[in-house]
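quick one: sequence plus predicted model below, questions after.
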Amino acid sequence: MNKTKLWTAVLLTGVLAIWLAGGCSPKEHHEKKLRARAVELHLNIVKEDWEACQRMTDPAVVTKRGTDPVKGLYKIIGGLVKFAKIGPEDYQVEIVVFAPDLKAAEVKGSNRINHEWKPAKSSQWVMVNGQWFVTF
């Protein structure tokens, strides 16, 4: 096989692999998953589902701090969300900033308060066993 045919085969294999993987890079794949997880966490806070919030928290944090303190923190956050009248549709992810190894990230979002979008406190996330967890 000459070099031209070899490079054509390599290029076509790469294009096929990208197409089969949904056409996105690992970073884009992680960003899509993490954006969905951040919105899911917000929805769980709005629903006051503290168990679900805890399950979305870095297992190392839950082990270190304990389940009751972690749930207590989410109850405080939930109280602030309720006080500010932030509903399920009042949160959006603005930007995700990844660590170079794509195993940690900062999610910067915004909340709609009184019909105006305002920056929300950013959240830190870590990848554990292929899943994103919020950490603090």
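Everything's here; your move. Numbering: from 1, shown residues only.

identify the residues contacting the residue nearest the centre of the chain.
Nearest residue to the geometric centre of the chain (Cα atoms, centre = their mean): Leu34, 2.5 Å. Neighbour list for Leu34: 96, 105, 107, 125, 132 [criterion: Cβ atoms under 8 Å, 6 or more residues apart in numbering]. The way it works is simple: take the backbone N, C-alpha and C, and place the C-beta from them, glycine included.

and for Ala120?
Ala120 makes contacts with 91, 108-111, as judged by Cβ under 8 Å, 6+ apart.

which of the residues you listed fall in strands?
91, 108-111 (DSSP state E).

any idea how far the residue nearest to the centre of the chain lies from Gly109?
Distance of Leu34 to Gly109, given as Cβ to Cβ, to the nearest Å: 11 Å.

quick check: which element contains the nearest residue to Glu51 once chain neighbours are set aside?
Leaving aside its sequence neighbours, Glu51 sits nearest to Lys71 (Cβ to Cβ, 6 or more residues apart in numbering; 7.6 Å). Element membership for Lys71, per DSSP states H and E: helix 67-83.

buried set for that helix?
70-71, 73-74, 77-78, 81 (16 or more other Cβ atoms under 10 Å).

can you list the neighbours in contact with it?
Around helix 67-83, the neighbours that count as contacts under Cβ under 8 Å, 6+ apart are 45-46, 48, 50-51, 53-54, 57, 61-62, 136.

let's see it at 7 Å
Applying Cβ atoms under 7 Å, 6 or more residues apart in numbering, the external contacts of helix 67-83 come out as 45-46, 48, 50, 53-54, 57, 61-62.
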